[in-house]
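[1] Just the structure for this:
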Amino acid sequence: TARIGSWEYDIDTGALHWSKGMYRLFGIPEGSPVKPELYLDYVIEEDRPVAERIVHHFRESQEPLEETIRIRPNSQVVTMRVKAVLLRDKQGRGKKTLGVNLDISEIKQLEQENLELRLDQQKGLLLAILEAQEEERRRISESLHNGIGQLLFATKLNLDQVARQVPESAVKRTEELLAEAINETSRVSHELVPIVLKEFGLKEALHDLCRRYDQSSFQVYCQVERLEGRLESYLELALYRISQELVNNIVKHAQATEASLQFSRKRKQIVLKVRDNGRGFRYRKSETTGLGLRTIEDRVKLLNGSLTITSPKTGGTLVSIKIPVEE
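    Model (predicted):
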C-alpha cells in the first residue's frame, strides 16, 4: 500500500536481495533473479545517467546513496526515491549495503500541479501589469497624436500666415524646429504603441526597432534566429519592451557608436543578448538605481528568467537574458 520496497546488497558476493515491495515497484514476478543492471533495463531514456550512477554505486562505491529516478515498469512512469547506507565490519570495511525504494510519483504530481498553479498566477500578474502599462502608453500616445501633434501643425499653419512679416532666416529656422518637433512627436507616439509588433510579430518588430537608427551616427545590428511563428502576445510584448529599454539605455548612457541585438530560441528557452561598444559599467543588482534597468529586472523576474550584465575585456557592456518557454 505504501509503495515502498527494501533491498540488501552483499559487497563480497555481489548478491542482491529484494523485498516483496521491490518486485511490485518494478512489476517483476516475486522471486525472479535480480541484479543492479535492472535499473538500466527499466529507466526512461532521460534518466539513464541516474541509472548508470546507481549501478556504479553498487559495483564500486562505498558511500551513502540518494537518487531520484524514473522507471517504466509498464505503460506508466514511476518516480522513485532510492536511498541506501553502508554497513561496515569491525575492521571498517564495507560489508553490505541496505537500501529502500519509495514511489513518490503522487508527490511529484502534486508538486508539478502546484508549480503550474503558481506559474498561472504569475502569468496572470504579468498580464495585468503589462495591460495596465500598455493602456497608459496608449493614452499618452493618443494625447501626443491628437493633442500636441495637432497643436504643432496648427502652429506651423499660423507661421505660414505671418511669414511675410518676419525675416526669412527666422521663419526658416522656426519651420525647421517645428518639423523636428512634429517628427519627434510622431516617433515617440510610434514607440509607445508598437503597431508592427501587433501586426507582424516579434521578429519584424525587433528588426524595425534596429532600423530606426539606420540614418544616425549610432548603429544597431539585429539578428533573430529560430523564431518561427508567433509567441504568446504577452510574451512578445514583454520581450519587445525589454529589448526597447536596453537599446534606449545604450543610446542615453553608454556613449556607444554601435550595438548588436541577438535573439534566438533554443527549445525551451529564449536567449536575448544585447552588446555595445560603449564605456561599460559595473552592475550590482542590489545597487540598481536607474528606472529603466529596474523595469527590465522586474519583467525578467516575472517571466522566471535570468539576467546577467558583464563588461567584456574587449570593452562595452553585454546584457544576457534567458527566459524559459514552453515548446
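[2] what about the strands in the chain?
    4-10, 16-18, 65-71, 78-88, 94-103, 219-225, 258-266, 269-276, 306-310, 317-324 (DSSP state E).
[3] Deepest in the core, which of those strands is it.
    Burial of these is given as mean neighbour count (mean count of other CB atoms under 10 Å); strand 269-276 ranks first at a mean of 20. C-beta here means a position set from N, CA and C on the backbone, and glycine is covered the same way.
[4] Now tell me what touches that strand from outside.
    With contact meaning CB atoms under 8 Å, 6 or more residues apart in numbering, strand 269-276 is reached by 239, 242-243, 246-247, 250, 254, 256, 258-265, 312, 316-325.
[5] next one: that strand to chain centre, how far?
    Centroid displacement of strand 269-276 relative to its chain, using CA atoms, centre = their mean, to the nearest Å, is 10 Å.
[6] One more: stretch 91-101?
    44 Å.
[7] Return that stretch as CSV; C-alpha atoms alone will do.
    Written as CSV, here are the backbone C-alpha positions of stretch 91-101 (Å, rounded to 0.1, in the frame of the first residue of the first chain):
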residue,chain,number,x,y,z
GLN,A,91,37.7,-3.5,10.6
GLY,A,92,35.7,-0.7,8.9
ARG,A,93,35.5,-2.5,5.6
GLY,A,94,32.2,-2.2,3.7
LYS,A,95,30.2,-5.4,4.2
LYS,A,96,26.6,-4.7,3.0
THR,A,97,24.5,-2.0,1.5
LEU,A,98,21.0,-1.6,2.8
GLY,A,99,18.5,0.4,0.8
VAL,A,100,14.9,1.4,0.3
ASN,A,101,13.0,2.5,-2.8
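[8] Contact partners for the spatially closest residue to residue 97 that is not a sequence neighbour?
    Nearest non-adjacent residue to residue 97, counting by CB to CB, 6 or more residues apart in numbering: residue 9, 4.3 Å away. Contact analysis of residue 9 by CB under 8 Å, 6+ apart lists 15-17, 36, 58, 84, 96-97, 99.
[9] May I ask which two of the residues you listed are separated the most?
    The span of those, defined through CB to CB, is set by 15 and 84 at 15.2 Å.
[10] still on that earlier bit, please convert the contacts of residue 9 to TSV, extending it with pLDDT.
    Shown next, in TSV, are the contacts of residue 9 (pLDDT from 0 to 100):
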residue	pLDDT
15	91
16	91
17	93
36	90
58	85
84	90
96	89
97	88
99	91
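[11] Looking at these, spot the one nearest residue 279.
    Checking the contacts of residue 9 one by one against residue 279 (CB to CB), the nearest turns out to be residue 84, at 56.6 Å.
[12] OK, contacts around that closest one?
    Neighbouring residues of residue 84 by CB under 8 Å, 6+ apart: 9, 57, 64-66, 97-100.
[13] and residue 121, which of the strands of the chain is closest to it?
    strand 317-324 (16.1 Å).
[14] Pull up the gap between residue 9 and residue 312, please.
    As judged by CB to CB, to the nearest Å, residue 9 and residue 312 stand 52 Å apart.
[15] Residue 25 too?
    52 Å.
[16] more neighbours, the two?
    For the pair residue 25 and residue 312, the greater number of neighbours falls to residue 25 (21 against 11), based on other CB atoms under 10 Å.
[17] Bridging across strands, which residues link to the nearest residue in space to the more buried one that is not next to it in sequence?
    Of all residues not flanking residue 25 in the chain, residue 5 sits nearest, at 5.1 Å (CB to CB, 6+ apart). Beta-bridge partners recorded for residue 5 (DSSP bridges): residue 101.
[18] doesn't residue 30 make contact with residue 5?
    No. If you go by CB atoms under 8 Å, residue 5 and residue 30 don't touch, sitting 11.1 Å apart.
[19] Surely residue 297 is in contact with residue 307?
    Yes. Counting by CB under 8 Å, residue 307 is a contact partner of residue 297 at 6.1 Å.
[20] how distant is stretch 61-77 from the center of its chain?
    Its chain's C-alpha centre and that of stretch 61-77 lie 30 Å apart, by CA atoms, centre = their mean.
[21] picking up where we left off before, tell me the pLDDT of the residue nearest to residue 25.
    Here the pLDDT value assigned to residue 5 is 92.
[22] Give me the distance between it and residue 174.
    As judged by CB to CB, residue 5 and residue 174 stand 89 Å apart.
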